[in-house]
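Novice: Next comes the sequence, and after it the predicted model I'd like to discuss.
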Amino acid sequence: MTSINYITLRVSGLGHTLTLEVASCSTVGSLKFQIETSTAIPSVYQCLLARGSKLDVDENTLDGVGLKHRTRIILLHNELYAKEEQGYGELSVLAREIEDLKMMKNSKPPAVISDLVTRICCKLDGVSVNGSKTLRTLRKDLIRKAENIEHSNSPDVEQDTSS
């Protein structure tokens, strides 16, 4: 029977400081996903540096790239982020607008919410993705989130009040 060896990694950069407990047999890709979950920085935009080298092959294991207990990892943006920074920034602003709208949906009439959702969707449609699959996917997800606010506010949609 094989036991799993866990290591503690310290990740810092881009305004974030994290301490993560991960299995040493985990992949770089799974580490990036954990960082994305904690920081909201998509893994495709992350550049990780540790022990003097880039961790850029997502399939490599943490053991395989030489990460040990208490290794420090530096989190930076990668080259792809530099190309897509403007579009990502615009989508991030609209994501905050969607969250704000979600918070006030019960205090506004459905017609107002519908109008605000339409405005946000028009703004989302106006964000240029310049052929980026990542930005296109993010934009689609945000449109779905905005539309779900409107649909959950409709009187003909049954809302869950059990919480």
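Specialist: On my side now, so go ahead.
Novice: Centre-most residue in this protein?
Specialist: With distances taken as C-alpha atoms, centre = their mean, Ala40 lies nearest the centre of the chain, 3.6 Å away.
Novice: For Asn60, give me its contacts.
Specialist: Asn60 makes contact with 27-28 under the criterion C-beta atoms under 8 Å, 6 or more residues apart in numbering. The way it works is simple: take the backbone N, C-alpha and C, and place the C-beta from them, glycine included.
Novice: Could you check how far it is from Leu18?
Specialist: To Leu18, Asn60 is 20 Å away according to C-beta to C-beta, to the nearest Å.
Novice: Over to Arg139?
Specialist: 27 Å.
Novice: Between these two, tell me which one has more neighbours.
Specialist: Set side by side, Arg139 and Leu18 show more neighbours around Arg139, with 20 against 15, by other C-beta atoms under 10 Å.
Novice: And the more buried one, which helix or strand is it part of?
Specialist: Using DSSP states H and E, Arg139 maps to helix 133-153.
Novice: And for that helix, what's in contact with it?
Specialist: Identification of contacts with helix 133-153 by C-beta under 8 Å, 6+ apart yields 42, 44-45, 80, 84, 87-88, 91, 94-95, 98, 101-102, 105-106, 110, 113-114, 117, 120-121, 124-125, 127, 129, 157, 159.
Novice: Can you select the buried ones from those in ChimeraX?
Specialist: The ChimeraX command for the buried members of these (criterion: 16 or more other C-beta atoms under 10 Å) is given here:
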select :42,44,45,80,84,87,88,91,94,95,98,101,102,105,113,114,117,120,121,124,127,129
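Novice: among the contacts of helix 133-153, which are in helices?
Specialist: With helices defined by DSSP state H, the entries of the contacts of helix 133-153 inside them are 80, 84, 87-88, 91, 94-95, 98, 101-102, 110, 113-114, 117, 120-121, 124-125.
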